[in-house]
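Participant: Pasting the sequence and the predicted coordinates here, then a few questions.
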Amino acid sequence: VQLQASGGGLVQAGGSLRLSCAASGAILSINVMGWYRQAPGKQRELVARITSGGSSNYADSVKGRFTISRDNAKENIDLEMNSLKPEDTAVYYCRAEGVRTIDTLMNYWGKGTQVTVSS
């Protein structure tokens with residue numbers, strides 16, 4: 001199982017970016033998919049997550065600005081980030097929890113993608 005993230009980059013404050021994460025492999029189902037981020041010198045933190053049923057939750061710092069969406073058929077998620085702030089600068093990681101294959105149930109992290117917001 002692999003998680004492939006894309007869409008990071010450099011944007012000015014107030015701008016927008018879209019992150020995408022696609023899961024691949026012999027996957028039967030994924031319970032939760034989400035995005036975490038880690039800024040320099042800080043711990044990794046939850047940004048947003050969404051269940052297979054479509055329930056989502058967000059960090060307080062991004063509520064109203066970020067929107068997570070999921071395509072269960074394709075096992076991918078998008079994170080639409082609007083009104084970006086310099087404090088959103090971080091490496092963003094995709095995560096999949098409860099990934100069921102024919103013989104395993106595991107959690108996975110994708111490689112990070114850098115998001116930089118300039119002031």
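Facilitator: Arrived safely, thanks for sending.
Participant: Surely residue 69 forms part of a strand?
Facilitator: Yes: secondary structure of residue 69, determined by DSSP: H, G, I helix; E, B strand; the rest coil: located in a strand.
Participant: so what's residue 99 scoring on pLDDT?
Facilitator: Residue 99 carries a pLDDT score of 96 in this model.
Participant: shouldn't it be in contact with residue 109?
Facilitator: No: in this structure residue 99 lies outside contact range of residue 109 using C-beta atoms under 8 Å: 11.1 Å. All C-beta spots, glycine's among them, are computed from the backbone N, C-alpha and C.
Participant: Looking at these two, which has the bigger crowd around it?
Facilitator: residue 99 (22 against 13; other C-beta atoms under 10 Å).
Participant: ok, the more buried one - contacts?
Facilitator: 1, 23, 27, 29-31, 105-108 (C-beta atoms under 8 Å, 6 or more residues apart in numbering).
Participant: Save these as JSON lines, and put in distance to residue 93, secondary structure and neighbour count too.
Facilitator: Conversion of these to JSON lines gives the following (distance: C-beta to C-beta, whole Å; DSSP: H, G, I helix; E, B strand; the rest coil; neighbours: other C-beta atoms under 10 Å):
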{"residue": "1", "distance to residue 93": "15", "secondary structure": "coil", "neighbour count": "17"}
{"residue": "23", "distance to residue 93": "13", "secondary structure": "strand", "neighbour count": "20"}
{"residue": "27", "distance to residue 93": "19", "secondary structure": "coil", "neighbour count": "15"}
{"residue": "29", "distance to residue 93": "21", "secondary structure": "strand", "neighbour count": "12"}
{"residue": "30", "distance to residue 93": "16", "secondary structure": "strand", "neighbour count": "23"}
{"residue": "31", "distance to residue 93": "17", "secondary structure": "strand", "neighbour count": "14"}
{"residue": "105", "distance to residue 93": "20", "secondary structure": "strand", "neighbour count": "12"}
{"residue": "106", "distance to residue 93": "16", "secondary structure": "strand", "neighbour count": "11"}
{"residue": "107", "distance to residue 93": "12", "secondary structure": "strand", "neighbour count": "13"}
{"residue": "108", "distance to residue 93": "10", "secondary structure": "strand", "neighbour count": "17"}
